[in-house]
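A.B. asks: model the following, please.
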Amino acid sequence: MNPSLTKSQFRSLWLKAQGLDETHPFGKGPKATTEIVKHLGYVQIDTIHVIERSHHHILYTRNPDYKRAHLHQAQSKDKSVFEYWTHALAYIATDDFKYFIPAMKRRKKNPHSWYGPIAKPDMQKVFGLIKKDGPISIRDIDDDVLVDKDHPWASKKPSKKAMQVAFNGGDLVICERQGMLKKYELTLRHFGWDKLPKAATTAEVLDYEIDRALKAQAVVSIDSICYLQNAQRKKDILKRIEARVRKGLLLSVTVEGCEKVKFWAKPEILDGEIDRANELTHILSPFDPLVIQRKRFHMFFDYDHRFEAYLPKEKRKYGYFTLPVIIGDKAVAVLDLKADRQQQKLLMQQWSWLGKHKSQNNKKLIEQELHRFEKFQLEK
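C.D. replies: Numbering: from 1, shown residues only. Okay, the predicted model is just below:
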């Protein structure tokens, strides 16, 4: 018989794995930032700035003492995290760099069609400037001959395309962000390396992706490991999982009410009694790793999160940039918030209760968290 979990037990294991079951699971101060990124596997970056940007929000949720300067220190001074692509652009622990080198090599060999052909002089110009002057941003280049954009996110400056292609290929690294303005540096010089780490093999990358998911999710499925990846990747991951099951390193797990989905977990997390999640209140980013996999979040928290920022106002149900609120292991409300930085206020655009969770006690808990959340939003 496979071990069986209730949805409540599943949520408890998932919340603990996400670092949402206690207030300082990764310690305090700047070092906690690197520990959070290491544990979660990555922290997604997003540009939307209605409230504090998602990467800062995700880190704050797991470290109430988080300061924006902590991420700057990790990226630009300690160099313990770097930016690269997962399912989106994200912060990743530098210890994991080798697992992304194969993707860098693929992108270098076959740049995305968005970037089109890069003229050799444009690439030479960018590398020449960085080698001579050190890290630069696109604003430091003011003598480009401008060209027409070929897609909405493109730049008229050819040098920006060159920077992006060199970054995707691993030759440049984003060494610093000033707001969302990226500064690029030579990868080897930034890290003080003589050469790149040895690239992980295909098998090592697959195992890394499985381990990353197990650490951050506790109980995994093929879809949760391979979020937004193709069918072949899922087949390759499944083979590695099945090999671990045969060796007794993973157990197949049945979840009550989700019997059609295959789940796996390490045997040790299923030993003994599974404690109910602590009654902590969290206002979550829509890009939080607990929420971003919408189907999984819906399956276990009974709330189908809608990202409505790109919908016309009349078609929105919950608001422009909505944030799910959990208390303990329940999704209880959705808040549409906006930071008025000029007036130094956090504005409540819309408060929507979920299910039967409307109560004076829940309202009080959310208001207490909102007070703390507002301080984080508005601090300089």
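
A.B. asks: give me the element the closest residue to residue 304 other than its chain neighbours is part of.
C.D. replies: Of all residues not flanking residue 304 in the chain, residue 298 sits nearest, at 4.4 Å (CB to CB, 6 or more residues apart in numbering). To be clear about C-beta, it is placed using only N, CA and C from the backbone, and glycine gets the same treatment. Per DSSP states H and E, residue 298 falls inside helix 294-301.

A.B. asks: residue 274 now?
C.D. replies: Assigned by DSSP H and E, residue 274 belongs to no helix or strand.

A.B. asks: just give me the neighbour total for it.
C.D. replies: Neighbour count of residue 274, defined by other CB atoms under 10 Å: 18.

A.B. asks: just residue 357 next, same as before
C.D. replies: 14.

A.B. asks: what comes up buried for the helix holding residue 298?
C.D. replies: 296-297, 299-301 (16 or more other CB atoms under 10 Å).

A.B. asks: do the same with stretch 133-145
C.D. replies: For stretch 133-145, by 16+ other CB under 10 Å, it's 135-138, 141, 144.

A.B. asks: nearest to residue 98, of those residues?
C.D. replies: Using CB to CB, residue 135 comes nearest to residue 98 of those, at 23.2 Å.

A.B. asks: can you redo the buried residues of helix 294-301 as a markdown table with distance to residue 60?
C.D. replies: Formatted as a markdown table, the buried residues of helix 294-301 follow (distance: CB to CB, whole Å):
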| residue | distance to residue 60 |
| --- | --- |
| 296 | 23 |
| 297 | 19 |
| 299 | 26 |
| 300 | 23 |
| 301 | 21 |
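
A.B. asks: and the strands in the stretch 151-300 of the chain, which stretches?
C.D. replies: 172-178, 181-186, 251-255, 263-265, 281-283 (DSSP state E, counting those that start in this stretch).

A.B. asks: what sits against residue 324?
C.D. replies: For residue 324, the contact set (CB atoms under 8 Å, 6 or more residues apart in numbering) comprises 284, 286, 291, 297, 301, 303, 305, 331, 333-334.

A.B. asks: check residue 144 too.
C.D. replies: 156-159.

A.B. asks: now do residue 82
C.D. replies: Going by CB under 8 Å, 6+ apart, residue 82 touches 75, 91-92, 94, 97, 173-174.

A.B. asks: kindly confirm my reading that it is in a helix.
C.D. replies: No: counting by DSSP: H, G, I helix; E, B strand; the rest coil, residue 82 is located in no helix; its state is strand.

A.B. asks: what about the closest residue in space to it that isn't next to it in sequence, distance to residue 170?
C.D. replies: In space, and not counting its chain neighbours, residue 82 is closest to residue 94: 5.4 Å by CB to CB, 6+ apart. Between residue 94 and residue 170 the computed distance is 13 Å (CB to CB, to the nearest Å).

A.B. asks: just the buried residues of the helix ranked longest in the chain, please?
C.D. replies: Ranked by number of residues, the top helix in the chain under DSSP state H is helix 360-378. Neighbour counts over helix 360-378 (16+ other CB under 10 Å) mark 362, 365-366, 369-370, 373-374, 376-378 as buried.

A.B. asks: repeat for stretch 174-193
C.D. replies: 174-177, 182-187, 190-191.

A.B. asks: is the closest residue in space to residue 204 that isn't next to it in sequence in a helix, a strand, or coil?
C.D. replies: With CB to CB, 6+ apart as the criterion, residue 204 has its nearest non-adjacent residue at 7.0 Å, and that residue is residue 99. Of the three states, residue 99 takes helix under three-state DSSP.

A.B. asks: so residue 99 touches residue 200, yeah?
C.D. replies: Yes: using CB atoms under 8 Å, residue 99 is in contact with residue 200, at 4.7 Å.

A.B. asks: between the two, which one's more packed in?
C.D. replies: Using other CB under 10 Å as the criterion, residue 99 and residue 200 rank with residue 99 on top: 21 against 18.

A.B. asks: residues in contact with residue 61?
C.D. replies: By CB under 8 Å, 6+ apart, the neighbours of residue 61 are 20, 282-285, 288.

A.B. asks: what do you get if the cut-off is 7 Å, keeping everything else the same?
C.D. replies: Residues near residue 61 by CB atoms under 7 Å, 6 or more residues apart in numbering: 282, 284, 288.

A.B. asks: how about the secondary structure of it?
C.D. replies: Going by three-state DSSP: residue 61 is helix.

A.B. asks: mind checking how far it is from residue 364?
C.D. replies: 20 Å.

A.B. asks: and the next element down the chain from the longest strand anywhere in the chain?
C.D. replies: Ordering each strand of the chain by length in residues (DSSP state E) puts strand 330-340 first. Later in the chain than strand 330-340, the nearest helix or strand by DSSP H and E is strand 345-353.

A.B. asks: next one: that following strand to chain centre, how far?
C.D. replies: Strand 345-353 sits 24 Å away from the centroid of its parent chain (CA atoms, centre = their mean, to the nearest Å).

A.B. asks: same question, stretch 300-320
C.D. replies: With CA atoms, centre = their mean, you get 20 Å for stretch 300-320.

A.B. asks: repeat for stretch 166-177
C.D. replies: 18 Å.

A.B. asks: mean confidence score for that stretch?
C.D. replies: For stretch 166-177, mean pLDDT rounds to 97.

A.B. asks: contacts for it next, please.
C.D. replies: The contact list for stretch 166-177 (CB under 7 Å, 6+ apart) reads 75-76, 82-83, 101, 104, 107-108, 111, 123, 126, 135, 163, 182-187, 190.

A.B. asks: between the two ends of stretch 296-310, how far is it?
C.D. replies: 22 Å (CA to CA, to the nearest Å).

A.B. asks: next: stretch 218-235.
C.D. replies: Across stretch 218-235, first to last residue, CA to CA, it's 21 Å.

A.B. asks: what mean pLDDT would you report for that stretch?
C.D. replies: Stretch 218-235 comes out at a mean pLDDT of 97.

A.B. asks: residues of it that come out buried?
C.D. replies: Of the residues in stretch 218-235, those buried (16+ other CB under 10 Å) are 218-222, 224-226.
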